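> coordinates only, sequence not included:
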């Protein structure tokens, strides 16, 4: 199980992302449409002043059960070890245990 402090940090990053999403999206659209180089530099400076955690690339996928960060399968939102436990208990339909 992941530490609670790490999970809370991830929640905080997600909240900051949601707060700044519309602002960042509008600034990026203005930047793409702008022709003047001086205005583009001003807009890029405004985008850079936003919080780093307002970017979606700062997130990491986490296991739904354990909170593990590595080897998370996107289809299940579970880590490899959690999938193995779920399949061996028979809770995942249509998945057979081959050689665990």
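Happy to help now that I have it. None of the values given here were measured: they were computed from a predicted structure.
> OK, contacts around the closest residue to residue 77 other than its chain neighbours?
Among residues not flanking residue 77 along the chain, residue 64 sits closest, at 4.5 Å (CB to CB, 6 or more residues apart in numbering). Where C-beta positions appear, they are placed from N, C-alpha and C, glycine not excepted. With contact set as CB atoms under 8 Å, 6 or more residues apart in numbering, residue 64 has these partners: 76-78, 82.
> what's the closest of these to residue 24?
Of all these, residue 24 sits closest to residue 77, with 25.8 Å by CB to CB.
> what is the neighbour count of the closest one?
14 (other CB atoms under 10 Å).
> and the strands in this protein?
72-73, 78-79 (DSSP state E).
> can I get those in CSV with mean neighbour count and distance to residue 11?
Shown next, in CSV, are the strands of the chain (neighbours: other CB atoms under 10 Å; distance: least, CB to CB, whole Å):
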stretch, mean neighbour count, distance to residue 11
strand 72-73, 16, 17
strand 78-79, 22, 19
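> phi, psi for the residue sitting furthest away from the middle of the chain please.
Taking CA atoms, centre = their mean as the measure, the residue most remote from the mean C-alpha position of the chain is residue 36, 33.7 Å away. With angles defined as degrees, to the nearest 10, residue 36 sits at phi -70, psi 130.
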